[in-house]
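Make a model of this:
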Amino acid sequence: MKKIFFIALMLFVSLLSVDECMAQNRIGSSKSNQSIDSKKKVEHNKWSKEHEEALNKKKKQQPVQTQNIVNKAKEQTKQKEVVKEEKPVNQPSVTISNPCSDDLSVELVSLEGNRASQIVTITVAFTNHQINKTVYIRDSNAYNEEGDHFSTWSVGSFTTLTDIKQKTSWKIGQMLPSKNSKLTAISFKIDGCTIEMRNLPIDWK
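Below you'll find the predicted structure:
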């Protein structure tokens, strides 16, 4: 009987030991899980902080970059304006002597040279301030910077209307483009008046 009691007691003690070990294992596992969760939480908080700092840094840089782009655009616009305001140096303006300006206005429209044919064409605009009439252009002469004289082809006549601008053209004799960048003077007679133009650059094409 004592032997049976002793065996039962030993079994009971063994069961208590097993329960105690299992309880300790559960506690250890719980602590381990808590430690892992805590570590993950710390890492997440660290990542969130770094991400937030990166976003804040990017937001601070954006206004600076935008301002730099605006400043660059303003500078380019300013440079274009400066270039636009530049004027040719020592470029004399065309002068026109017209003793009949009250009756007939005269304007130079163009003076174009053809490199292939070496012929220069002058285009002039007239405005008649009197009654409608036919006017005649004749005795046209041209001179270059070397003092060379160039004869002109036949000009002819045309009918003018009161206060209406009209254009007419005629050709000047052959000349070398390389030696004739401009004409110092062109003169012609129209309706009894001698018109003289000076400092005429030739637009060679």
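
ok, now which ones touch F158?
T134, V135, Q166, T168 (Cβ atoms under 8 Å, 6 or more residues apart in numbering). Where C-beta positions appear, they are placed from N, C-alpha and C, glycine not excepted.

Who is it paired with across the strands?
V135 (DSSP bridges).

same deal with the one 10 residues further on?
Counting by DSSP bridges, T168 is bridged to V124.

quick one: contacts for it?
T123, V124, F126, I137, V155, F158.

quick one: the second one and Q118, what's the gap?
V124 sits 21 Å away from Q118, taking Cβ to Cβ, to the nearest Å as the criterion.

Among the two, which residue is more densely surrounded?
Set V124 next to Q118 and count neighbours by other Cβ atoms under 10 Å: V124 wins out with 23 against 14.

you'd agree the more buried one is up against K165?
No - using Cβ atoms under 8 Å, V124 is not in contact with K165, being 10.7 Å away.

Give the other helices and strands that the helix or strand hosting I186 contacts.
Using DSSP states H and E, I186 sits within strand 182-190. The contact analysis (3 or more Cβ pairs under 8 Å, 6 or more residues apart in numbering; DSSP states H and E) places strand 182-190 against strand 104-114, strand 119-128, strand 133-144, strand 193-201.

out of these, deepest packed?
strand 119-128 (a mean of 19; mean count of other Cβ atoms under 10 Å).

among the helices and strands packed on strand 182-190, which gets the worst mean confidence?
The stretch with the lowest mean pLDDT among the helices and strands packed on strand 182-190 is strand 133-144, which comes in at a mean of 91.
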